[in-house]
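1. Return atomic coordinates for the entry below.
(one chain, ligands or ions: 1)
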Amino acid sequence: MTDIRKVTVLGTGVLGAQIAFQTAYSGFEVSAYDIDDAALDKARARFAGLVGTYRKEVPGADGGKAEAALQRLSLHTDLATAVADADLVIEAIPEVLSLKQETYGKLGELAPEKTIFATNSSTLLPSAMKDATGRPDRFLALHFANSIWKFNTAEVMGTADTDPAVFDTVLAFASEIGMVPVPVRKEKAGYVLNSLLVPFLNSAAELAAGGYADPHDVDKVWRIATGAPMGPFQIYDIIGLNTPYNILSHGDERLQKLAAWLKKNYIDKGKLGIATGEGFYSYKDRS
Ligand code: NAD
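-> Here you go, the predicted model:
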């Protein structure tokens, strides 16, 4: 068992809300931090939604266990209060390096010395953020997959400066919150999951943006021909289109064209995926 008892999650969007809820569900005290009250209102709605999801999809979550998780969750817009006694901070703010560096700069000053920092970044290397933390030995990446209550991998990846004891603690913590921990032995952009997934999603967008095949037909080919349960555009909808958009728009010219296509045809129309009720598919009739 680790010494971690109190966990702070920064950012309560798609992944942050899931991480905070899963951690509280597993018995930890969780402070969730976001930038303003409007963001926290959205977080409350996400948590309420997760109670319903867990009751339906997680064995043993009915009978009050999912609701009880809410009692262990507090919400904050003041960073100092949110991290005051944190053993572990898990950061899930937007995938923008300068924003993350700025946030780690503040966090390094406000958090107690004991606090371990973990980034959930999908595509940025922890070594690009480690100096901003002021404590590179207590910093690493802890990467979750979307829908963590069922797709429960936790990839743990340090930098050359990460203390091996911190690495092992975070691996063990991941098990304590019901994840299957996977050590990534050397720093690798995209870990295991996104080293496979990002080129796959980009290729799908190229097919649709280039007019070769409609998104639903791309998905159909992938599902039928490989036996996979979902096609790439179903996966886009689960992820939420903002994160792929941020990644693509920081890429080369080819990737920026795909970002522009996503923005014009989907994001600007409010079609951000399951979270907004519509993306490449409509979810408006789902209860
Ligand atoms: P999101 O846009 O849904 O949520 C981001 C949240 O961060 C929002 O609530 C926003 O208000 C908040 N925020 C913005 N600036 C902030 C700041 N300075 N401090 C604290 N909070 C701030 O994004 P997301 O999809 O949850 O992604 C968050 C991180 O998780 C990214 O690094 C992403 O790469 C990673 N991730 C995402 C997925 C996914 O499937 N969406 C999967 C694994 C990892």
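2. Next, the contact list for the one residue in the stretch 1-150 of the chain that gets nearest to the ligand, please.
-> Of the stretch 1-150 of the chain, the residue with the smallest distance to the ligand, taken as CB to the nearest ligand atom, is G13 at 1.7 Å. In short, each C-beta sits where N, CA and C put it, glycine included. By CB atoms under 8 Å, 6 or more residues apart in numbering, the contact set of G13 is 42, 92, 94, 240.
3. which of the residues you listed are buried?
-> Neighbour-count burial (16 or more other CB atoms under 10 Å) is assigned, among these, to 92, 240.
4. Out of the contacts of G13, which are close to the ligand?
-> The subset of these within reach of the ligand, by CB under 6 Å from any ligand atom, is 92, 94, 240.
5. could those residues be laid out in CSV, adding secondary structure?
-> Formatted as CSV, the ones next to the ligand among the contacts of G13 follow (DSSP: H, G, I helix; E, B strand; the rest coil):
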residue, secondary structure
A92, coil
P94, coil
G240, coil
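6. Hmm, which of the contacts of G13 is lowest in pLDDT?
-> Lowest model confidence among the contacts of G13 falls on G240, which carries 94.
7. was I right about it contacting G277?
-> No: using CB atoms under 8 Å, G240 is not in contact with G277; the gap is 12.0 Å.
8. Find the residues that touch each one of these two.
-> With CB under 8 Å, 6+ apart, G240 and G277 have no common neighbours.
9. and the stretch 1-150 of the chain, which of its residues are near the ligand?
-> Residues of the stretch 1-150 of the chain that fall close to the ligand, judged by CB under 6 Å from any ligand atom: 10-16, 33-35, 39, 92-95, 99, 103, 120-122, 144, 146.
10. what about 5 Å?
-> Those residues of the stretch 1-150 of the chain that sit near the ligand, judged by CB under 5 Å from any ligand atom, are 10-15, 34-35, 39, 92-95, 103, 120-122, 146.
11. what's the residue of the stretch 1-150 of the chain closest to the ligand sitting at in phi/psi?
-> phi -80, psi -150 (degrees, to the nearest 10).
12. still on that earlier bit, now the residues of the stretch 1-150 of the chain next to the ligand: which count as buried?
-> Buried members of these, scored by 16+ other CB under 10 Å, are 10-15, 34, 39, 92-93, 95, 103, 120-122, 146.
13. Of these, just say which sits nearest to A172.
-> Ranked by distance to A172 (CB to CB), these are led by N120 at 17.7 Å.
14. Without its sequence neighbours, what residue ends up closest to that closest one?
-> A92 (4.4 Å; CB to CB, 6 or more residues apart in numbering).
15. and if you look at G277?
-> K284 (4.9 Å).
16. now do K130
-> The nearest residue in space to K130 (CB to CB, 6+ apart) is P136, at 4.0 Å.
17. how about the one residue in the stretch 151-287 of the chain that gets nearest to the ligand, what does it touch?
-> With CB to the nearest ligand atom, the shortest gap between the stretch 151-287 of the chain and the ligand falls at I239, namely 3.8 Å. For I239, the residues meeting the contact criterion (CB under 8 Å, 6+ apart) are 14, 146, 273.
18. Name the nearest residue to the last one, sequence neighbours excluded.
-> To tie it back to what came earlier, the one meant is G273. G279 (3.6 Å).
19. now the first one
-> The shortest distance from V14 to any non-neighbouring residue, by CB to CB, 6+ apart, is to G240 (4.7 Å).
20. so where do the helices sit in the stretch 1-150 of the chain?
-> 14-25, 37-57, 65-71, 79-83, 97-110, 130-133 (DSSP state H, counting those that start in this stretch).
21. can you give me the angle the second one makes with helix 14-25?
-> What that stands for is helix 37-57. Between the axes of helix 37-57 and helix 14-25, defined by axes from the mean of the first three to the mean of the last three CA atoms, to 10 degrees, the angle is 60 degrees.
22. Could you list every helix and strand in contact with helix 37-57?
-> helix 14-25, helix 65-71, strand 73-76 (3 or more CB pairs under 8 Å, 6 or more residues apart in numbering; DSSP states H and E).
23. what's the distance between that helix and the middle of its chain?
-> Per CA atoms, centre = their mean, to the nearest Å, the displacement of helix 37-57 from the mean C-alpha position of its chain is 15 Å.
24. Buried residues in it, which are they?
-> Residues of helix 37-57 classed as buried under the neighbour-count rule (16+ other CB under 10 Å) are 39-40, 43, 46-47, 50-51, 53-54.
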